[in-house]
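Asker: please find the sequence and the predicted model below.
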Amino acid sequence: MAGAWLGGHAVAGLAGALTAILGAVLAANLAVLVLDIGRARAALRPRT
């Protein structure tokens, strides 16, 4: 949501819509990467 909001306010018109879509895609991919890295680190930790 934040990526789409920032992209939509960066440029007006059709370019704003395209920028909003691009921002949303990039923000979603970043969230998936952060979750994946966090889960991988948790799996490598020794259980006590």
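Answerer: Structure received.

Asker: buried stuff in stretch 25-45?
Answerer: Residues residue 27 are the ones in stretch 25-45 that count as buried (16 or more other CB atoms under 10 Å). Yep, even glycine has a C-beta here, placed from its N, CA and C like the rest.

Asker: for residue 18, grab the count of nearby residues.
Answerer: 13 (other CB atoms under 10 Å).

Asker: residue 16 too?
Answerer: Neighbour tally, residue 16, other CB under 10 Å: 14.

Asker: ok, now how distant is it from residue 46?
Answerer: According to CB to CB, to the nearest Å, residue 16 stands 49 Å off from residue 46.

Asker: swap in residue 24?
Answerer: Residue 24 is 38 Å from residue 46, where distance means CB to CB.

Asker: what's the answer for residue 36, then?
Answerer: From residue 36 to residue 46 the distance is 20 Å (CB to CB).

Asker: quick one on the thing from earlier: more neighbours, residue 24 and residue 46?
Answerer: Just comparing residue 24 and residue 46: by other CB under 10 Å the higher neighbour count belongs to residue 24, 18 against 4.

Asker: mind pulling the model confidence for the more buried one?
Answerer: As predicted, residue 24 sits at a pLDDT of 83.

Asker: that one and residue 12: what is the separation?
Answerer: Distance from residue 24 to residue 12, by CB to CB: 18 Å.

Asker: where does this protein have low pLDDT?
Answerer: The model of the chain has pLDDT under 70 over residues 1-8.

Asker: tell me how far residue 46 lies from residue 40.
Answerer: Residue 46 is 14 Å from residue 40, by CB to CB.

Asker: nothing else from me, thank you.
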